[in-house]
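# Make a model of this:
(one chain, ligands or ions: 2)
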Amino acid sequence: MNSLESVDTVKFSSMRPDNSKIPKKEEENEFKTELENEETKSISSSQIAKSYSDILALIGENPARQGLEKTPIRAANALLHFTKGYTQNINDVVQDAIFNEDVDDMVIVKDIDMYSLCEHHMVPFFGKVSIGYLPNKKVIGLSKLARIVEMFSRRLQIQERLTVEIANAIMEALEPRGVGVVVHATHMCMVMRGVEKLSSKTVTSAMLGEFRNDSKTRQEFLSLIK
Ligand SMILES: Nc1nc2c(ncn2[C@@H]2O[C@H](COP(=O)(O)OP(=O)(O)OP(=O)(O)O)[C@@H](O)[C@H]2O)c(=O)[nH]1
Ligand SMILES: [Zn+2]
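Ligands and ions are numbered 1, 2, ... in the order given. A predicted model of the protein is given here:
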């Protein structure tokens, strides 16, 4: 097995050698202490670092030269940060920050910074996320909307799925009358390589509940996030 395969196995395989299913990260984390999570992270980062060392050699670099000595472990820790969303679930993220409140007007948090990695090239795409919802006697802590964006963007993604996952998670956690999510992003895989279109922006949206069914609600949201 080469080292890239071993990284695959550590991070992404869902089967044990005896073919029993390894629990999903979310399930696993419920039973793990913080110390065990730290240990898992350190095993993953040293295995990923080994692979980065191989990659440095494969691109013609000398992984042993002074400037690169710590690069594999730095890059491994950076990759684990960029993909930390795999270790989070919606309950941990939202915690108890859902409050009963007799309000029913639209709530919007706009221009939430978002950084993700495209799943096709593992190259960054980044931009802004705007979220609106119509409360149904409950509101969510505002920071939790940004934390939900973090949870789904810190994974390998495509922009369309990221947008829908954010909307669905808010719908399930808060049960509002509707949710709207709009994402504006620049894909570095279209800027630094490939078609090399510096100014292109991708816009995606997900509209659920009254945001989908009622054009006035949708229009109000879209004009407020302009
Ligand atoms: N729909 C969608 N496509 C994406 C996203 N991020 C990257 N892509 C596209 O994924 C596609 C992968 O196409 P391929 O032809 O398999 O890969 P490629 O040869 O590297 O493509 P080019 O980027 O055109 O050079 C490209 O068209 C990318 O622009 C995303 O978030 N959503
Ligand atoms: Zn890409």
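
# Now stretch 218-226: buried residues?
Buried residues in stretch 218-226, counted by 16 or more other CB atoms under 10 Å: 218, 220-222, 225. Using the backbone N, CA and C atoms, a C-beta is placed for each residue, glycine as well.

# and the residue nearest to the spatial centre of the chain, what is it in contact with?
By CA atoms, centre = their mean, the chain has its centre lying nearest to Ser153, at 2.0 Å. Neighbouring residues of Ser153 by CB atoms under 8 Å, 6 or more residues apart in numbering: 85, 114-116, 129, 162.

# Filter the buried residues of stretch 218-226 down to the ones in helices?
Using DSSP state H, 218, 220-222 are the members of the buried residues of stretch 218-226 that sit in helices.

# Among those, which ones lie close to ligand 1?
Checked against ligand 1 using CB under 6 Å from any ligand atom, these give no members in range.

# Which pLDDT value belongs to the residue nearest to the centre of the chain?
Looking at Ser153, its pLDDT reads 98.

# Can I get the buried residues of stretch 218-226 in a markdown table including pLDDT?
Output for those, formatted as a markdown table (pLDDT from 0 to 100):
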| residue | pLDDT |
| --- | --- |
| Arg218 | 98 |
| Glu220 | 98 |
| Phe221 | 98 |
| Leu222 | 98 |
| Ile225 | 98 |
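
# For burial, what's the neighbour tally of Ala206?
The local packing of Ala206 (other CB atoms under 10 Å) involves 23 other residues.

# Now the phi/psi pair for the closest residue in space to it that isn't next to it in sequence, please.
Nearest non-adjacent residue to Ala206, counting by CB to CB, 6 or more residues apart in numbering: Ala167, 3.8 Å away. The phi and psi torsions at Ala167 (degrees, to the nearest 10) take the values phi -60, psi -50.

# Show me which residues of this protein sit near ligand 2.
With CB under 5 Å from the ion as the criterion, the chain comes near ligand 2 at residues 118, 120-121, 189.

# returning to what we had before: can you tell me which of the ones in helices among the buried residues of stretch 218-226 is closest to ligand 1?
Distance to ligand 1 across these (CB to the nearest ligand atom) is lowest for Leu222, with 21.1 Å.

# How about the contacts made by Asp104?
Contact partners of Asp104, counting by CB under 8 Å, 6+ apart, are 134-137, 177.

# Mark which of these are part of strands, please.
Among these, the members falling in strands are Leu134 (criterion: DSSP state E).

# now the contacts of Asp104: which count as buried?
Neighbour-count burial (16+ other CB under 10 Å) is assigned, among the contacts of Asp104, to 134-135, 177.
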